[in-house]
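>>> Pasted the sequence and its predicted model underneath.
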Amino acid sequence: MAGSSVETPLGVTDPAGAARGYRPSATMPFAAEFRRQASRRRTQLALGSMVLLPLIILIAFQFDSGGDDDNGRNEFSSLVELATSGGLNFTLFSIFVSASFLLVVVVALFCGDTVASEASWGSLRYLLAIPVPRARLLTVKLVVALAYSGLALVLLAGTALVAGTLRYGWSPLRSTVAAELEPTEGLFRLLAVLGYLAVVLLVVAGLAFLLSVTTDAALGAVGGAVLLWILSSILDQITALGALRDFLPTHFSTAWLGLLSTPVQTDDVVRGCISAISYATLFWGLAFWRFTRKDITS
């Protein structure tokens, strides 16, 4: 009879043919995947490096001789002087030195390794055989990867702020592009910078995730995303490209400096957010389209 359950040797099924009690949305819960990724060595090392970097910079400043004999040293010394003038300034310096490469690598690691590593271990097909719907598997892995990427950014800034404040005190925020900002306003400006960087890094997350579902080599997905980001940065320096540079994903990657200026410059920030979200959405869409049609053999 239509609409009734069907008895099978394996048990009772619903009208759709699924086992009674089976809910696709209940498979592969976020918390379980989050804990699973937390136990991985690469997660621990990546997050650990975010905590260690500000501490290493802090220690390095203690051994700074203060010499400024050459021109390159003069420019860097001025940045160091700003960095050691307060906790907010030390946090800004830590973000500045890590935003162009280290954070890119960490985000690419979390998002590029997540699916490709399962394929390289041969466990991806077993996850799908549980069965976990493909779209569900990708969604959970993407959300967990983004969560760890955000956590890495927060750990870097949080450690730098705490360590810098304990060492250099709670002072106004100073930079080379703005007047001195009171600590409370400076803190809000730093939070805005972190928010913008998080949006910009979505491009790296999307590209790495797309490569992760395309290849079974995790290193290839991570390295490919980083190399393409660097290539885009190099092309952005070629002024002969003219207006074409506006369409490069890295063109607005440093627009966060406008958030430190007086008054705040938000034009490039808005353009950067639109560009980053557009690229990330495109890459994630391609990743889901590719994975749902891919023949999983590993």
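Ah, there it is. Numbers count the residues shown, from 1 in each chain.
>>> Provide the count of other residues in contact range of the nearest residue to residue 161 once chain neighbours are set aside.
Closest residue to residue 161 apart from its sequence neighbours, by C-beta to C-beta, 6 or more residues apart in numbering: residue 91 at 4.6 Å. Bear in mind the C-beta positions are built from the backbone N, C-alpha and C, glycine included. Counted by other C-beta atoms under 10 Å, the residues lying close to residue 91 total 28.
>>> Ramachandran coordinates for residue 91?
phi -60, psi -40 (degrees, to the nearest 10).
>>> So it is in contact with residue 163, correct?
No. Counting by C-beta atoms under 8 Å, residue 91 does not reach residue 163; the two are 9.0 Å apart.
>>> was I right about residue 137 contacting residue 33?
No. Counting by C-beta under 8 Å, residue 137 stays clear of residue 33, with 9.2 Å between them.
>>> From the neighbour counts alone, determine which of these two ranks first.
residue 137 (21 against 18).
>>> Sticking with the more buried one, tell me its helix or strand.
helix 134-168 (DSSP states H and E).
>>> How far away from the center of its chain is that helix?
Computed by C-alpha atoms, centre = their mean, to the nearest Å, the chain-centroid distance of helix 134-168 equals 8 Å.
>>> on that earlier part again, now do the shared contacts for residue 91 and residue 163.
Residues touching both residue 91 and residue 163 (C-beta atoms under 8 Å, 6 or more residues apart in numbering) are residue 54.
>>> ranges for the strands of the stretch 151-298 of the chain?
Using DSSP state E, counting those that start in this stretch, the strands found in the stretch 151-298 of the chain span residues 173-175, 178-181.
>>> Partner strands of the first one and their direction?
Paired with strand 173-175 in the same sheet, following DSSP bridges, are strand 178-181 (antiparallel).
>>> Against residue 180, how distant is the nearest residue to residue 204 once chain neighbours are set aside?
Spatially, and ignoring its direct neighbours in sequence, residue 204 is nearest to residue 107 (4.7 Å; C-beta to C-beta, 6+ apart). Per C-beta to C-beta, to the nearest Å, residue 107 is found 32 Å from residue 180.
>>> Among these two, which residue is more densely surrounded?
residue 107 (32 against 13).
>>> which residues touch the more buried one?
If you count contacts by C-beta under 8 Å, 6+ apart, residue 107 has them with 149, 152, 201, 204, 205, 208.
>>> do the same with residue 116
211, 212, 213, 215, 216, 217, 218, 220, 221.
>>> Phi, psi for the residue positioned nearest the centre of the chain please.
Geometric centre of the chain, nearest residue: residue 107, 3.5 Å, by C-alpha atoms, centre = their mean. In terms of degrees, to the nearest 10, the main-chain angles of residue 107 are phi -70, psi -40.
>>> Need the pLDDT of it.
Looking at residue 107, its pLDDT stands at 97.
>>> Might one say that residue 286 is in contact with residue 209?
No. Look at residue 286 against residue 209 with C-beta under 8 Å: they stay out of range, at 9.5 Å.
>>> Looking at those two, which one has more neighbours?
Neighbours were counted for residue 286 and for residue 209 using other C-beta under 10 Å; residue 209 has more, 31 against 16.
>>> which non-adjacent residue is nearest that one?
The shortest distance from residue 209 to any non-neighbouring residue, by C-beta to C-beta, 6+ apart, is to residue 111 (4.6 Å).
>>> my read is that neighbour is in a helix, agree?
Yes. The assignment for residue 111 is a helix, going by DSSP: H, G, I helix; E, B strand; the rest coil.
>>> is it true that it touches residue 205?
Yes. Contact status for residue 111 versus residue 205: in contact at 4.4 Å, counting by C-beta under 8 Å.
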